[in-house]
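In: Structure, please.
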Amino acid sequence: MTDPPPSKKRVSIAEPAASSNGTNGGRSIAPRRSMGPKQMSLKAFTPDNYSDDEDDKFFHDEDVVSGNTTGINEPGKGWTNGAITPQFTLHPYTRSGRLQLYSHHRRWINFQSSWSRIGAGSTELDAVHSESSSGKSVMTGCLLDEARTVRALVAQLCECFYKQGWATGTGGGVSIRVGGPKENRPYRVFVAPSGVQKEDMVGDDVFELDMDRNVVQPPKTPNLRQSACTPLWYVVYKHVPSAMCVIHTHSMYAQLATLLDPTEQSSVLRVTHLEMLKGVGNHSYDSILEIPIIDNRPSEDLLANQLEQVILKYPMCNAVLVRRHGVYAWGDSWEQAKAQCESFDYLFETAVKMKSMGLESGLVPVSGSYREDEVMEVETSPLAKKQKVETTTTTTTTTTTTTPTPAFNAARASNNDHDLECSTPTTIPLVPRDAKLLLLDIEGTTTSISFVKDVLFPFVLENLDEHVSKMDADALVESFTALRMDVEALDANHPSRVQMADAFLDFDMADLVAVRSSIIEHVKALMAHDVKATGLKALQGKMWKAGYNSGELVGHLYSDFIPMLQWCKSNDVKVCIYSSGSIGAQKLLFGHTSEGDITSYFDAHFDTTSGSKRESTSYGTIASKLGVKPNEVIFVTDLEAEARAARDGGMTAVMAVRPGNAPLGEEAKQELPVVRSLLQLCGAD
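Out: The predicted structure follows:
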């Protein structure tokens, strides 16, 4: 029988010997409470017997003596199933143990000498010395030890991301690359497996691959598959040569950030003027970060081509969002990738919560950020500068080219960046302090202009022929008569009236085919010049009703609208709607929104039957119907002519500035209060 291996030095926590007078160095000693059987069975563990030999911590002398080491080297055996008693965990819970642990021992398993910085270079604020930020391997001469360490690190990272809610249900994963030309050896890529609970992963579950995705060393745990993310990690390594770690998470905020655009057509998420921009690499506080968004696919490997395209298109960004899915982030070390992934997630959460407040994360703030002088423009990234208005002057001509800001809600509408970024400060009225009632326009105020122009109007034109063909004789005559009155009410030189000048000559109302054809011509002529007319709106309302009922149409709302309505309801502030769209169309839109039916929030609806929105008398009529004085009403709209008419009618008028609304004139910004969120109107008794 062989002798047991010598044990390492063990120092007992036994009570120090007392002096003959019952004291210890002159100090009285309180009697120590006796330990229970379980405590007495544990070996004393103090910083004096702490060992750098990791294996020694996990083996027990009695196991070695008895030869009872069965299962210790098998995959998955350890604390979690009770195979090893966590005796040494007493160490961090003693004062001296904690002192040593937090003085010298980092919590993360590592295979390099230090934690690497975000970004390249150093400043006078950095602690620079020979061992700091060098990132040199400490696994000299033992690639097997390096591999074992990296595998364990992948498992540790996956557990960390699970605890953060980023890798639930076996989702997400980590890939770490080591070696390469700088170390004069081939790259090796360690990837997490698929279908394994990330909080219970061990190093034995991790694959080791080469750069051709060949398996160099399979996991010890049998029957595992490589992560479905593996092809995407290799896309990053191919096009970002400095990348040494790629992280994929199913973070809730990453997913929600891709849904801030209700149309789900945006190609980027824009974020600016947030401190954590410094943590994502290549950006500062006042940069405009553009995080590309790609559409999700049925399986992860199908994302490879999209991922490749956006990495090449957005080389300054170290992450890519996948719509309704999650995010991929990378860095030139696992530390940098982790820190950047955390910073990105912070920005995603901020963008989502700003949206709920009615704020856009991609807009430069009007105030609250330091400027060297009042007129100096805030420094922006090259990407942001491309989005500004560019003016080129030659000796003979001046050409102005406007590039619209990629706004979520109105990509094809007018560029109103100037109104959004530097509107003239004005006194904003508050409810219920300054008024008892809010009267709101719809287009450009509660709902995106692009929803009306790019969704509702095209729906009418695309379905007009079919709708008219199904109308009976009475409905045809009624609609034709109303549309004819719309045209006759226009000025003689109005383009829609000029276009329809010959429409009524020798017209036979008994000819239903001709009536149908004329209705279609009237609708197209009026819509071509954006005429707001009662007969047209009635026909459009009937068509939209069919679209909403079928689910083909879903009303758009700005994210601040529901919180504003809830605030007004809780503070007894009445909210009414006044739109050029018919009352029926208004109720259809608000009855079929992405937030469900919200019509219960409104006290009244008004349309052009109460008068033109550009005539001051209309606002007096509405106030009379509501039983209030005009000066007790705040009217909010995106059109200057309507705001001036409301002001002349005695109401307090406010301009709503939304991305994509028509730019405001300088006089309007000087004369009228301007808000970017309806929540700015709430807050005073």
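
In: Tell me how many other residues crowd Val633.
Out: If you count neighbours by other Cβ atoms under 10 Å, Val633 ends up with 26. Using the backbone N, CA and C atoms, a C-beta is placed for each residue, glycine as well.

In: ok, it touching Thr652?
Out: Yes - using Cβ atoms under 8 Å, Val633 is in contact with Thr652, at 7.1 Å.

In: which neighbours do those two share?
Out: Taking Cβ atoms under 8 Å, 6 or more residues apart in numbering as the contact rule, Val633 and Thr652 both touch Ala435.

In: Touching, Val320 and Cys341? I think so.
Out: No - the criterion here is Cβ under 8 Å, and Val320 misses it with Cys341 at 11.9 Å.

In: which neighbours do those two share?
Out: Counting by Cβ under 8 Å, 6+ apart, the common neighbours of Val320 and Cys341 are Val327.

In: Got the confidence number for the residue nearest the centre of the chain?
Out: Closest residue to the average C-alpha location of the chain: Ala257 at 2.1 Å, with Cα atoms, centre = their mean. In this model, Ala257 is scored at 95, pLDDT.

In: Quick check: closest non-adjacent residue to it.
Out: Using Cβ to Cβ, 6 or more residues apart in numbering and skipping residues adjacent in sequence, the residue nearest Ala257 is Phe348, 4.1 Å away.

In: if I pick that neighbour, what's in contact with it?
Out: Neighbouring residues of Phe348 by Cβ under 8 Å, 6+ apart: Ser251, Tyr253, Ala254, Leu256, Ala257, Leu269, Val327.

In: Distance of the fourth one relative to Val352?
Out: Taking Cβ to Cβ, to the nearest Å as the criterion, Leu256 is separated from Val352 by 5 Å.

In: ditto for the third one
Out: Computed with Cβ to Cβ, the distance linking Ala254 and Val352 is 10 Å.

In: same check, this time on the fifth one
Out: Per Cβ to Cβ, Ala257 is found 6 Å from Val352.

In: what does Glu199 give?
Out: Per Cβ to Cβ, Glu199 is found 25 Å from Val352.

In: between these two, which one's more packed in?
Out: Val352 (19 against 16).

In: Okay, now the unreliable bits of the stretch 401-550 of the chain?
Out: Residues of the stretch 401-550 of the chain that meet the criterion pLDDT under 70 lie in 401-426, 502-507.

In: Going by residue numbers, what spans are helices in the stretch 451-600 of the chain?
Out: All helices of the stretch 451-600 of the chain, identified by DSSP state H, counting those that start in this stretch, fall at 457-469, 473-488, 495-499, 512-528, 534-550, 561-570, 583-591.

In: Can I get those in JSON lines including distance to Asp295 and mean neighbour count?
Out: Shown next, in JSON lines, are the helices of the stretch 451-600 of the chain (distance: least, Cβ to Cβ, whole Å; neighbours: other Cβ atoms under 10 Å):
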{"stretch": "helix 457-469", "distance to Asp295": "22", "mean neighbour count": "14"}
{"stretch": "helix 473-488", "distance to Asp295": "41", "mean neighbour count": "17"}
{"stretch": "helix 495-499", "distance to Asp295": "40", "mean neighbour count": "17"}
{"stretch": "helix 512-528", "distance to Asp295": "32", "mean neighbour count": "18"}
{"stretch": "helix 534-550", "distance to Asp295": "25", "mean neighbour count": "20"}
{"stretch": "helix 561-570", "distance to Asp295": "27", "mean neighbour count": "18"}
{"stretch": "helix 583-591", "distance to Asp295": "27", "mean neighbour count": "21"}
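
In: List just the one of these that sits closest to Gly368.
Out: Of all these, it is helix 561-570 that lies closest to Gly368, at 20.7 Å by Cβ to Cβ.

In: quick one: contacts of that closest one?
Out: Taking Cβ under 8 Å, 6+ apart as the criterion, the residues outside helix 561-570 that touch it are 356-358, 431, 438, 446, 573-575, 595, 598, 601, 678-679, 681-682.

In: can you pick the most crowded of these?
Out: Neighbour counts for the contacts of helix 561-570, by other Cβ under 10 Å, peak at Thr446, which reaches 27 neighbours.

In: picking that back up, now the helices of the stretch 451-600 of the chain in TSV, with distance to Pro193?
Out: Output for these, formatted as TSV (distance: least, Cβ to Cβ, whole Å):
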stretch	distance to Pro193
helix 457-469	48
helix 473-488	65
helix 495-499	66
helix 512-528	58
helix 534-550	45
helix 561-570	43
helix 583-591	49
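
In: With respect to Arg188, which of these lies nearest?
Out: helix 561-570 (51.2 Å).

In: Please look at Arg188 and Phe207 and confirm they touch.
Out: No - between Arg188 and Phe207 there is no contact, the gap being 10.5 Å when judged by Cβ under 8 Å.

In: who has more neighbours, the two?
Out: Set side by side, Arg188 and Phe207 show more neighbours around Phe207, with 24 against 20, by other Cβ under 10 Å.
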